[in-house]
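**Q** Everything below, folded, please.
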Amino acid sequence: MLDCHVDRRIFETFRDVFQDRNPLHTDAAFAASKGFPGVVMHGNILGGFLSRLVGEQLPVKNVMIQSETIDFRRPVYLDDHLQLEAVVVGVHDSVGAFELSFKFTNASGVKVASGTVLVGLLP
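**A** Residues are numbered from 1 along each chain as shown. Okay, the predicted model is just below:
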């Protein structure tokens, strides 16, 4: 399990590096006009937390993400605290890879995203 805090530094860095200033992510009045209580965080911020899980939390370092799928179920907002849980659901010895199933839940225990990651073992 990995604790993930979507803080202002993460949000602003993502926005500035990738130049994604869509008003849903940057304009509170626009987000409110679409029915959201605040600006919605970029979904791919969650991809960064997945990268941290694979690159830093696994017991081996000779790994590389080969593919990932993510289903966004609920919006994530600035300063949300999320839990990322992952379990191994498949081992593919023939190609040196394993598959993780994951989910992100918010502080209320509501699932905000889920999916799978295929992780390859490097030689």
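**Q** Give me the secondary structure label for the residue nearest to residue 7 when sequence neighbours are not counted.
**A** Excluding the flanking residues, the one nearest residue 7 by C-beta to C-beta, 6 or more residues apart in numbering is residue 79, at 6.5 Å. (C-beta placed from N, C-alpha, C; glycine too.) When states are read from DSSP: H, G, I helix; E, B strand; the rest coil, the local structure at residue 79 comes out as coil.
**Q** what residues are up against residue 79?
**A** Applying C-beta atoms under 8 Å, 6 or more residues apart in numbering, one finds that residue 79 lies in contact with 5-8.
**Q** can you give me phi and psi for it?
**A** Dihedral angles phi and psi of residue 79 (degrees, to the nearest 10) take the values phi 70, psi 10.
**Q** Sort out which one of the contacts of residue 79 lies nearest residue 20 for me.
**A** Ranking the contacts of residue 79 by separation from residue 20, with C-beta to C-beta as the measure, puts residue 6 on top at 14.9 Å.
**Q** Am I right that the closest one is in contact with residue 80?
**A** Yes: taking contact to mean C-beta atoms under 8 Å, the distance of 4.9 Å between residue 6 and residue 80 places them in contact.
**Q** Spit out the residues that contact the two alike.
**A** Shared contacts of residue 6 and residue 80 (C-beta under 8 Å, 6+ apart): residue 41.
**Q** about what we covered before: from the contacts of residue 79, which would you call buried?
**A** Neighbour counting by 16 or more other C-beta atoms under 10 Å classes residue 6 among the contacts of residue 79 as buried.
**Q** Done for today, thanks.
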